[in-house]
Structures are given as structure tokens and as C-alpha cells.
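Asker: coordinates for the following, if possible.
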Amino acid sequence: MRLRRAGDVMTADAVRAGPATPVADLVRSLAERRIGGVPVVDDDDRVVGVGSRYADAPAPGQHGGARRPAGGSLPVGPGAADPTVGELMSVPAVTVHAVDSVALAGRTMAVRDIGRLPVVDEEARLVGIITRRDLLRVFVRPDSDLRDEILDEIVVRALWLDPAPLTVSVVDGVVTLRGSLRCRADVSVTVGMVARVDGVVAVVNELTCRCAHAGE
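Answerer: Residues are numbered from 1 along each chain as shown. This is a model prediction of the structure:
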């Protein structure tokens, strides 16, 4: 079974900003692209924060040295001075590594309540971005695709089992396993691996084993 990683589903051409980027320029870019925020990177492309056009703007003239607003809000109101993104970005940036699992990326976005997650390499350099839409493409999958992956990548390739005695049915992401396997260990491992397939909502285990003793 191939574990999908953040690098497999990310958008590589991520929009980014530098700390010296004028806030007005970033706000304009976000509005044109219809996105809520971007990673802020230094000269080495390392992620140092996140800039967003959402949340309340600070009072005019209060940007310099002021406490950064939660969520990295940007002063877009009339009379605001000309701050840079670096002065108001949200830090530290929440990121995920390209080699991390898609499931970890999804949990991070859910726990942090964010819609976009910068993807970095082992040296914290930006390599892409994952959005909730990217995750949906992974987890909302046709039932037929799930069934094919379970039979081919798990039953045959990973576990080296004969698929003939098995019946695998998938309805709305719920997998039902029926049939007979050699021993209880095969049943346990099969159910566990199927449950970890991206897009599987639940597993109904109706497998039996042919072993004579419970310890086999």
C-alpha cells in the first residue's frame, strides 16, 4: 500500500511573499487570486511566517513595533501607514514536511483551524502548499477506486494473499470485508491496513479464519 504524502498532493507553485513586501501589495495580490493567505519566506526560501488579509486591522499608525494580531491580520483600513508583511505576519508559521503523511496534514489543518498549509523540505524551505481542496481530492474518492486499491495493493501486493476467498465491497467509503483467511493474524493485519487507506471511512469486518486454534 502506497502511503500518500504531503508532497504527493501539494501545489508546487505556491504563492509567497517576503518580509519586505508592502502590505498593500500583498492584499492586492490576495484579492486578485481569491486566497486568504500566503507563506512568508526569507531570502533562502525558508518559511518565517504567514501573511493573511483576514481579521481586524490594527489602528492606523500602530503597526510599527506593535504586537502581531492573531491570524496575521493586515492593516487595510483608510489612513493606515505602509507596513511590511514582516511587521505583521503571524509567527511561527504552521507547516508540514513534504514527507509527512496526508493524514497528518489533514489533522494539523483541523486542529489549527487553517485552510492552507505550507509544505517544506528538511531544511524548512518552501516547496509547495496544501489546501483543504487538495485534501478533499484524496479523501473523497470513488468507491471503485478504494476497492481496487484494497485488492491490488493490500491483499495481493502487501500481504501476498489469494483474493479469491475474499469479497470486498465499498459503499460511501465504508468497506465490508467478507470471506475466509488462513489465521487470525491475517484477519487482524488485513483489517488494520484497510482502515489506513486514504478515503476509507470505516471497516466492517466479517472475515473468518481457517485456523484450528486461537493462538495460530
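
Asker: number of nearby residues for Thr190?
Answerer: 24 (other Cβ atoms under 10 Å). C-beta here means a position set from N, CA and C on the backbone, and glycine is covered the same way.

Asker: chain neighbours aside, what residue packs nearest to it?
Answerer: Leu159 (6.3 Å; Cβ to Cβ, 6 or more residues apart in numbering).

Asker: from Arg184, how far out is the one you found?
Answerer: 14 Å (Cβ to Cβ, to the nearest Å).

Asker: please apply the same query to Val102.
Answerer: Distance from Val102 to Arg184, by Cβ to Cβ: 30 Å.

Asker: out of those two, which sits in the busier spot?
Answerer: Comparing Val102 with Arg184 by other Cβ under 10 Å, the one with more neighbours is Val102, at 22 against 17.

Asker: measure the more buried one to Arg196 for me?
Answerer: Distance from Val102 to Arg196, by Cβ to Cβ: 11 Å.

Asker: what segments of this protein are strands?
Answerer: For the chain, the strands defined by DSSP state E occupy 37-41, 47-52, 96-97, 116-120, 126-131, 166-171, 174-181, 202-209.

Asker: make a markdown table out of the ones you listed and add distance to Glu87 and mean neighbour count.
Answerer: Below are the strands of the chain laid out as a markdown table (distance: least, Cβ to Cβ, whole Å; neighbours: other Cβ atoms under 10 Å):
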| stretch | distance to Glu87 | mean neighbour count |
| --- | --- | --- |
| strand 37-41 | 11 | 26 |
| strand 47-52 | 10 | 23 |
| strand 96-97 | 26 | 21 |
| strand 116-120 | 20 | 25 |
| strand 126-131 | 20 | 22 |
| strand 166-171 | 51 | 16 |
| strand 174-181 | 50 | 17 |
| strand 202-209 | 48 | 14 |
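
Asker: and of these, who's closest to Ile150?
Answerer: Each of the strands of the chain has some distance to Ile150 by Cβ to Cβ; the shortest is strand 166-171, at 5.4 Å.

Asker: pairing partners for the closest one, with directions?
Answerer: If you go by DSSP bridges, strand 166-171 pairs up with strand 174-181 (antiparallel).

Asker: roughly how far is the lowest-mean-pLDDT helix or strand in the chain from the heart of the chain?
Answerer: One helix or strand of the chain scores below all others by mean pLDDT, DSSP states H and E: helix 132-139, with a mean of 82. The gap between the average C-alpha position of helix 132-139 and the chain average comes to 8 Å, counting by Cα atoms, centre = their mean, to the nearest Å.
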